[in-house]
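Participant: Generate a structure from the sequence data that follows.
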Amino acid sequence: MSGVELVIDTNILIYLTSGNRDIAEIVRKKQISISVITEMEVRSWPALTKSETEVLNTMLSQFYISPLNESIKEKAIEIRKINKLKLPDAVICATAAYLRVPLLTADQAFKKVKGLDLILINTNS
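Facilitator: Sure thing, here's the model as predicted:
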């Protein structure tokens, strides 16, 4: 991978799918990666409309979807044990760590993961 890269969390992908322009500007012209967990979470999101599904499928075709491998699995176990994150969140953090790129999220829980290159956004403004 080359260029400006980001791993995006599930909440960021949901904001993008819903048409959030602020988030779209942040990720514009960046190489986006997601964890396979993020793909599974967002594709199974019950509130996803037909038009959002179309937008989502277009976006997913442009992203690198990182599979779960042994390194990510072991890092996720370590992150979960130390930080008491939910397993999907630990896998997403481990994916960013494995790929060595920043993680873009709106989830405050990720702040407690030491050594994680984190870009935390506030969506309450």
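
Participant: any idea how far Ser51 is from Thr58?
Facilitator: In this structure, Thr58 and Ser51 are 11 Å apart, going by CB to CB, to the nearest Å. Where you see a C-beta, it was placed from the backbone N, CA and C, and this is true even at glycine.

Participant: What of Pro102?
Facilitator: Pro102 sits 30 Å away from Ser51, going by CB to CB.

Participant: Between those two, which has more neighbouring residues?
Facilitator: Pro102 (17 against 10; other CB atoms under 10 Å).

Participant: now that one: how far from Leu120?
Facilitator: 10 Å.

Participant: next one: Asp22
Facilitator: To Leu120, Asp22 is 14 Å away according to CB to CB.

Participant: in the protein, which spans are strands?
Facilitator: Here the chain has its strands, by DSSP state E, at 5-8, 31-35, 64-66, 103-105, 118-120.

Participant: Sheet-wise, list the partners of the second one with their directions.
Facilitator: Each strand paired with strand 31-35, and its direction, by DSSP bridges: strand 5-8 (parallel), strand 64-66 (parallel).

Participant: do the same with the last one
Facilitator: If you go by DSSP bridges, strand 118-120 pairs up with strand 103-105 (parallel).

Participant: So if I had to pick from Asp22 and Leu120, which one is more boxed in?
Facilitator: Between Asp22 and Leu120, Leu120 has the larger neighbour count (other CB under 10 Å), namely 13 against 10.

Participant: I'd say the more buried one and Lys112 touch.
Facilitator: No - applying CB atoms under 8 Å, one finds Leu120 not in contact with Lys112, separated by 11.4 Å.
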